[in-house]
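1. Would you be able to build a 3D model of this:
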Amino acid sequence: MFRSTTILAVRDKNRVAIGGDGQVTFENMIMKHKAQKIRKLYKGRVLAGFAGAVADALTLFEKFEKKIEQYQGNLSRATLELAKDWRQDKILRKLEALMIIADKEKSLLISGSGDVIEPDDQVIAIGSGAGYAQAAAQALTNHTNYPPKKIVEIAMHIAASLCIYTNDQIIIEEL
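-> Numbers count the residues shown, from 1 in each chain. So this is what the prediction gives:
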């Protein structure tokens, strides 16, 4: 079983940032330190980060990339169409992966069961260290004026200091 990753997205009125660590583990061994789990899509206007079983996450990522291109950057439509395909496809329904997708207007979580969830507030996290990262980011969002990228950076370092499946090789992308 693969365990790895913390992915965190934070937004304010004007910006959104997504960060992810680089650690990939297998059982009790670190297999990789600098995996790339955050990407810019659709002409640099959409950010995506994934967590879960590596092959499943990459499959999900590839499927989403096709949908966002097909629907010309319309995030809501692309995610809903992906979720619809996911629920109808026997193979996709078994993927053990999660994704956070964001553009300038919204952040969405796509779950392993094909659900699309829009969070109530401006912070969302997935993966092994999600609880640590989300708690830290929420506190920073509520009690500082830091921009999203700075909040993601600090919160991810806090998660890395607490979660054994999260490292401090953090990559952050911002819109």
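2. for the protein, what's the longest helix?
-> Scanning the chain for the longest helix, with DSSP state H as the assignment, gives helix 54-70.
3. And it, how far out from the chain middle?
-> Between the centre of helix 54-70 and the centre of its host chain there is 13 Å, according to Cα atoms, centre = their mean, to the nearest Å.
4. What is that helix packed up against?
-> Under the contact definition 3 or more Cβ pairs under 8 Å, 6 or more residues apart in numbering; DSSP states H and E, helix 54-70 sits against strand 38-41, strand 46-52, helix 75-88, strand 97-102. To be clear about C-beta, it is placed using only N, CA and C from the backbone, and glycine gets the same treatment.
5. State the mean pLDDT of the longest one.
-> Pointing back at helix 75-88 there. For helix 75-88, the per-residue pLDDT values average out at 85.
6. follow-up on the earlier one: so what touches the longest helix of the chain?
-> The contact list for helix 54-70, computed with Cβ atoms under 8 Å, 6 or more residues apart in numbering, reads 2, 4, 24, 35, 37, 39, 41-42, 46, 48, 50-52, 74-75, 78-79, 81-82, 85-86, 92, 95-99, 101, 110, 112.
7. which among those residues end up buried?
-> 2, 4, 24, 35, 37, 39, 41-42, 46, 48, 50-52, 74-75, 78-79, 81-82, 86, 92, 95, 97-99, 101, 110, 112 (16 or more other Cβ atoms under 10 Å).
8. Quick check: which ranges of this protein have low pLDDT?
-> Within the chain, the segments meeting pLDDT under 70 span 1-4, 90-95, 112.
9. one more time with 50, if that's ok
-> Applying pLDDT under 50 to the chain picks out residues 1-2.
10. coming back round to it: can you list the helices and strands packed on helix 54-70 in a markdown table and add distance to Glu173?
-> As requested, the helices and strands packed on helix 54-70 are exported to a markdown table (distance: least, Cβ to Cβ, whole Å):
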| stretch | distance to Glu173 |
| --- | --- |
| strand 38-41 | 5 |
| strand 46-52 | 5 |
| helix 75-88 | 15 |
| strand 97-102 | 9 |
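11. Of the ones you listed, which is nearest Cys163?
-> The stretch from the helices and strands packed on helix 54-70 with the least distance to Cys163 (Cβ to Cβ) is strand 46-52; that distance is 11.9 Å.
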